[in-house]
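Q: everything below, folded, please.
(chains A and B)
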Amino acid sequence: MSHLSNGSSPPSAPWSAPDGSAPDRATADGASPDRLRPGEVTPEGARATAIPDNWSQLLALMVLSRAIESRLNNLFLQGRLHGRLISGRGQEAIPVGATATTRPDDLVCPAHRDLGAHLARGTTPEEVFLQYLWRADSPSRGRDGDVHFGVWSRGVLPMISHLPDSWPVALGLALAKQRQGAGGVVLAFCGDGATSTGSWHETVNLAAVWQLPLVLIVENNQYAYSTPVSQQFRVASLADRAPGYGIPGARVDGNDVVAVQALVSEAIAAARRGGGPTMIEAVTMRMDGHAIHDQARYVPTELLDAWRQRDPIEGFAARLQAAGLLDGAALAALRDDAAERAERAYQTALEAPEPDPAALTEGVYANPAAPARTRPAVG
Amino acid sequence: MTTEATWFASASAEDTAAPGVTYLEALRTALADLLAEDERVLLLGEDIGTMGGAFRVTAGLQDRFGGDRVRDTPMAETAIVGCAIGLAISGYRPVVELQFADFISCCYDQLVNEAAKLHYRFGIAVPIVVRCPSGGALSAGPFHSQCPEGIFAHVPGLKIVCPATVQDAYGLLRAAVEDPDPVLFFEQKALYRSQKAPLDAAAPVAGIGRAAVRRRGEDVTVVTYGSMLPRCLAAAERLAAEGVETEVVDLRSLVPLDLDTVADSLRRTNRLVIVHEDNGSSGIGAEIVARLAESDALYALDAPVCRVTAPDTPVPSSPLLEERYVPSVERIVSAVRALVGA
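A: Coordinates of the predicted model:
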């Protein structure tokens, strides 16, 4: 049928409809011909999408995201970094492709494998390393760690561990954009596991009822911790759920940054002109464990081997090289530069001050005028 | 969660000729004034628009301010509170109505893990107000009668407000909306129509975090809040006839907790009774006693402290059972009598 289900693809791929056909189209919003077709699987179309003008930005962001996580990974293995590392390796095309074309007044609610979304919004490698090292000047000032962060001034909502709890918040962000009437949109990300929660359902339903300018992106990476998608949901495609909410949905090859950007841009454009929310299922593979502590021995080796052939950076670079836009030397230089930036950022963070333990209780409230927990003087 | 709530017939003062407004009308007036004065204020909730809310607190507000600002929502507390958080960090001042305080369990995550922690984690203020019609004594059963304030008073980052008077229904709701932090506003169903008093909308808005002494007395301090204030005042009247002078402290907010006012009173009376409708174990009464015991106020005590609370059971539905469940004037009187040795 497509590159998505060719011989190198893993068996029982979740995007293979039982009869091989695309689900029925739903036109709950009276979709125009250029509108996303709800529930349709569009890999061939996506593959036909031309290389976009911002190809170098897409490549650079994916390479930088990979370089930062690679440096973090090494630091963990060397025992020089503690806590938790949640890798987005192999999924970079989704956050990067989805976020690269957002406007400054748009907002992004990333999940935990979306470092590329932070970078696309202008978050610096220094901010990332300050965050991982719990430095005083990090975005969370040491109050939260690793990728559980967001630089709000760059339009990135800090995520929390409860997934997809950013989604209900995204409703309010999108309602504010809708009321402001300036065309701002909100992107919200989650994984396949999060689609089983009530928060997910409540969010999609309300977004549909109020026709909010929201793009809902589900990164189906085949596993929620150790639970495969076959034990997570019964539908052939998560995008098939969209018509059930009365909104358009579409599935995309999540390892094809061009396809992701094309599809999400279409959804963003629809939201900007008042077309309401779109659900997008981006199909990918989690190439590492749930987090760095997890060897993920429950994932079949052949599945990982198959997906390794479809690495989003390698694939995109090969396409650019075939098109004569990139050569091996330029790619190597890009990678070296990203690795250098990551290393510099790490060194900067290493030297940055740590938080003052005496500040532990500060900032619980924006208005602590009457401190809640102050005890009367002990007599 | 939706329910037909209108059968709850709390004692009604609304139609009496007494001057003033009801507690419920004071809430409505506060919301109307806030909507009129501040375009950032938006109301969200189930059935709050066309119907005016299960208890009619928001009656007429959608007609006056439009469906965009007084917004009916699907039956989805997580989505409603999450939406309010998103609005708040976008510059709005959303006020959510939960149909009953009991349904706050459905949005625990958004309150406890999103709203309460955003400022500590990232310095992002979350000025939401969640109105929670609270309390029993209305034969409404285990799922329409709860007082969940104690659960949330345990959560750093949330403020807990429990108005007990008409003036506070107005003033504290205004203060809650003006506050930059997430506020859970536990308004009392039993007081909605039973409390009526003149309202001074022009009075300075009392900030959150200050208790009020509602009655002066030198023999014993009774600390309470919310629905129990009228019962404590009635008990104090009865005790006065017996020669026992009771000081009644209305906490008004549980977080912040104004322990100074409690300790000051205790130093004058040397005896302490704490009354709340929420059940006792690990509740606000326990917190007050613990904090006093950690301070030199402990030495002011001439007798053990006493808590008068609901028992540690779900709220029963039968009027006979519930009458036994909710602390009564008689129980308060007995507790004070036992403490002062009268």
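Q: double-check that A:Arg319 belongs to a strand.
A: No: with DSSP: H, G, I helix; E, B strand; the rest coil as the criterion, A:Arg319 is helix rather than part of a strand.
Q: can you count the residues close to it?
A: Counted with other C-beta atoms under 10 Å in any protein chain shown, the neighbours of A:Arg319 add up to 17. For glycine as for every other residue, the C-beta is placed from the backbone atoms N, C-alpha and C.
Q: wait, it sits on A:Ile51?
A: Yes: between A:Arg319 and A:Ile51 a contact is recorded at 6.9 Å, counting by C-beta atoms under 8 Å.
Q: joint contacts of these two?
A: Taking C-beta atoms under 8 Å, 6 or more residues apart in numbering or on different chains as the contact rule, A:Arg319 and A:Ile51 both touch A:Val258.
Q: which parts of the stretch 101-250 of chain B are strands?
A: Assigned by DSSP state E, counting those that start in this stretch, the strands in the stretch 101-250 of chain B fall at B:129-134, B:159-161, B:183-188, B:196-197, B:212-215, B:220-224, B:246-250.
Q: so where's the chain uncertain?
A: No chain in the question, so chain A it is. A:1-48, A:370-379 (pLDDT under 70).
Q: nope, chain B please
A: Low-confidence regions of chain B, defined by pLDDT under 70, span residues B:1-17, B:206, B:342.
Q: relative to strand B:183-188, how tilted is the lengthiest strand in it?
A: When chain B is parsed with DSSP state E, its longest strand is strand B:272-279. Strand B:272-279 runs at 90 degrees relative to strand B:183-188, counting by axes from the mean of the first three to the mean of the last three C-alpha atoms, to 10 degrees.
Q: what residues does the spatially most central residue of chain B make contact with?
A: Taking C-alpha atoms, centre = their mean, the centroid of chain B lies closest to B:Cys162, which sits 2.2 Å from it. Counting by C-beta under 8 Å, 6+ apart, B:Cys162 touches B:134, B:149, B:186, B:188, B:225-226, B:251-254.
Q: do the same with A:Val108
A: A:99, A:102, A:117, A:120-121, A:155-157, A:186-187, A:189.
Q: next one: B:Gly66
A: Contacts of B:Gly66 were listed using C-beta under 8 Å, 6+ apart, and none were found.
Q: look up phi and psi at it.
A: phi 90, psi 160 (degrees, to the nearest 10).
Q: any idea how far A:Ala329 is from chain B?
A: 41 Å (C-beta to the nearest C-beta, to the nearest Å).
Q: surely A:Ser140 is in a strand?
A: No: counting by three-state DSSP, A:Ser140 is located in no strand; its state is coil.
Q: what is the neighbour count of it?
A: 22.
Q: right, and it touches A:Leu130 too?
A: No: using C-beta under 8 Å, A:Ser140 is not in contact with A:Leu130, being 9.3 Å away.
Q: and for residue 183, the neighbour number?
A: Because you didn't say which chain, this covers chain A. A count of neighbours around A:Gly183, defined by other C-beta under 10 Å, yields 17.
Q: hmm, no, I was thinking of chain B.
A: Look at B:Val183: counted by other C-beta under 10 Å, it has 27 neighbours.
Q: repeat for A:Gly276
A: 23.
Q: can you pull the contacts of it?
A: Applying C-beta under 8 Å, 6+ apart, one finds that A:Gly276 lies in contact with A:29, A:207-208, A:211-214, A:247, A:270.
Q: next: A:Leu115.
A: A:Leu115 touches A:65, A:68-69, A:88, A:92, A:95, A:128, A:147, counting by C-beta under 8 Å, 6+ apart.
Q: circling back: which of the strands of the stretch 101-250 of chain B sits closest to B:Ala335?
A: B:Ala335 lies closest to strand B:220-224 among those, at 8.6 Å (C-beta to C-beta).
Q: all the helices of the chain, residue numbers only.
A: This is for chain A. Here chain A has its helices, by DSSP state H, at A:43-48, A:55-77, A:93-99, A:115-120, A:125-132, A:166-180, A:198-209, A:242-245, A:257-272, A:301-308, A:312-322, A:328-351.
Q: actually it's chain B I care about, not the one you picked
A: Going by DSSP H, chain B shows helices at B:23-37, B:61-65, B:77-88, B:108-109, B:116-122, B:149-153, B:166-178, B:228-241, B:259-269, B:284-293, B:319-325, B:329-340.
Q: what does the shortest one rub up against?
A: Taking contacts as C-beta under 8 Å, 6+ apart, the residues outside helix B:108-109 that touch it are A:162, A:165, A:199, B:78.
Q: could you dump these to a markdown table with distance to B:Gln195 and neighbour count?
A: Output for the contacts of helix B:108-109, formatted as a markdown table (distance: C-beta to C-beta, whole Å; neighbours: other C-beta atoms under 10 Å in any protein chain shown):
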| residue | distance to B:Gln195 | neighbour count |
| --- | --- | --- |
| A:His162 | 39 | 15 |
| A:Asp165 | 38 | 25 |
| A:Ser199 | 37 | 24 |
| B:Thr78 | 32 | 26 |
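Q: closest one of the residues you listed to A:Pro110?
A: Taking C-beta to C-beta as the measure, A:Pro110 lies nearest A:Asp165 of the contacts of helix B:108-109, at 12.7 Å.
Q: ok, now how distant is the closest one from chain B?
A: Per C-beta to the nearest C-beta, A:Asp165 is found 6 Å from chain B.
Q: number of residues surrounding residue 176?
A: In the absence of a named chain, chain A is used. 24.
Q: hm, I was asking about chain B
A: 28.
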